[in-house]
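A.B. asks: here is my input; please provide its structure:
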Amino acid sequence: MSAQTLSEKLIGKNHMGLNIASVTIGVGILTFPRTLAKATGAFDGWISVLLSGAMAYGIAWLLAKLASRFPRQTFFEYTSLIATRPVGYVLTFLVCIYTLLFVAFEIRAIGTISKQYLFFNTPVEMITLSFLLVVQYAAAGSRISLLRLNLVFLPIVLFVMAVVLAFTQPLIQMENVRPYFSSSWSTLLKACKDVGISYSGFEIILFYTMLMKRPQDATKSVLIGLLIPVVLYAIIYIFVVAVFSTEVAKNLTYPTIELAKEVEVPGGFFERVESMFFTIWIMTIFNTCAMWLDITLLNLTSMFRRVDKIVWILVLSPVIYFISMLPQTLINFFSFGDWLVYYGIVIVYLLPILLFGIACLRGVKGHE
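C.D. replies: Numbers count the residues shown, from 1 in each chain. A predicted model of the protein is given here:
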């Protein structure tokens, strides 16, 4: 029997917060300045970032309250308690579809962006397949070990992002940010929808609260986990607009990478900073994909206890790869991502909030 105690196998609220931040800072960090610049057409888009972050925290708080109400139970188990076992099966299966599609979207993003910036002559199919093999290897291991990787990877990603922003500071042109506060409130609120898509990821609190030492601290974890990307997104948008202007940002496919390309290290001893930035960013996408695949496995094994996790990995991997290769163009790829987020709004936002309301009305609670 392992000498580890139960508490040593669990994670704290700060650690959970870092996991949420890591999942949230995914593909969205590369593209959101473009969508936000299109929606607002002004420097004021950072206000939409803060407003949408506050809205995201409100939703995340409700999801955290639901999960912490059933401390040591899986999503399938507490859904079955609240709304009967058949409903639990249906809802958990729909969640599995969502998480599976998210893995497919993320690995295709890696393939597409890697080919554009790093591996010019490598087929996107091979890049995507290689990344999927690494992700499934990670998901096959210990769940707690996977979550603890964020303690190593996320600080490195944030440090590199800070270096990029520091070196682009001399490129800021004040005429690009004027006039200030020129957008109407209706425009800023409408833009919240576009940037809010980039906050997808905090819903992992529904599934990983059971692994926390103190599940009642889940609401504090989502605050930590969303505060990091909200501040980071606001700063990145300000820098992108200040360096390129909103008109240019509207036409950049990946404005954050383009910002990194503008960096010039004094002395000229290091070129192509965007390659280093992108390579470090892959760390975040790796953990994001691995956690989404792990959540898929967690939900499937909670419903079908006799089927081993490795069997599910072998069955699901070809399906994930096939789905990831369906978008034929970049427009199709972004449309796939938008559709996926809207599907997630219903499945992992609205329905769990409805379940939380039913649990409160019926007085249904779990046990420690």
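A.B. asks: looking at this, residue 263 is in a helix?
C.D. replies: No. Looking at residue 263 with DSSP: H, G, I helix; E, B strand; the rest coil, it is coil, so not inside a helix.
A.B. asks: wait, it touches residue 166, no?
C.D. replies: No. Look at residue 263 against residue 166 with CB atoms under 8 Å: they stay out of range, at 9.0 Å. For the C-beta atoms, the positions are set from N, CA and C on the backbone; glycine is no exception.
A.B. asks: out of the two, which sits in the busier spot?
C.D. replies: Taking other CB atoms under 10 Å, residue 263 and residue 166 do not tie; residue 263 has more neighbours (20 against 10).
A.B. asks: what's the neighbour count on residue 276?
C.D. replies: Neighbourhood size, residue 276 [other CB under 10 Å]: 16.
A.B. asks: what does residue 279 give?
C.D. replies: By the measure other CB under 10 Å, the count of residues near residue 279 is 13.
A.B. asks: check the gap between it and residue 304 for me.
C.D. replies: 38 Å (CB to CB, to the nearest Å).
A.B. asks: with residue 253 instead?
C.D. replies: Going from residue 253 to residue 304 by CB to CB gives 41 Å.
A.B. asks: ok, now residue 61?
C.D. replies: Residue 61 is 32 Å from residue 304, by CB to CB.
A.B. asks: the two: which is more packed in?
C.D. replies: The neighbour comparison of residue 61 against residue 304 (other CB under 10 Å) goes to residue 61, with 18 against 13.
A.B. asks: check contacts around that one.
C.D. replies: Residue 61 makes contacts with 219, 222, as judged by CB atoms under 8 Å, 6 or more residues apart in numbering.
A.B. asks: quick check: which element contains it?
C.D. replies: helix 45-68 (DSSP states H and E).
A.B. asks: and that helix, what's buried?
C.D. replies: 45-53, 56-57, 59-68 (16 or more other CB atoms under 10 Å).
A.B. asks: just want the angle from whichever helix or strand comes after it to helix 45-68.
C.D. replies: From helix 45-68 onward toward the C-terminus, using DSSP H and E, the following helix or strand is helix 75-83. Counting by axes from the mean of the first three to the mean of the last three CA atoms, to 10 degrees, helix 75-83 points 80 degrees away from the direction of helix 45-68.
A.B. asks: now do the helices in the stretch 51-200 of the chain.
C.D. replies: For the stretch 51-200 of the chain, the helices defined by DSSP state H, counting those that start in this stretch cover 75-83, 85-117, 124-139, 143-148, 150-168, 185-196.
A.B. asks: mind listing what the nearest residue to residue 226 once chain neighbours are set aside touches?
C.D. replies: In space, and not counting its chain neighbours, residue 226 is closest to residue 57: 5.2 Å by CB to CB, 6 or more residues apart in numbering. Contacts for residue 57 (CB under 8 Å, 6+ apart) come out as 222-223, 226.
A.B. asks: so for residue 275, which of the helices of the stretch 51-200 of the chain sits nearest?
C.D. replies: The closest of these to residue 275 is helix 85-117. By CB to CB, the value is 6.9 Å.
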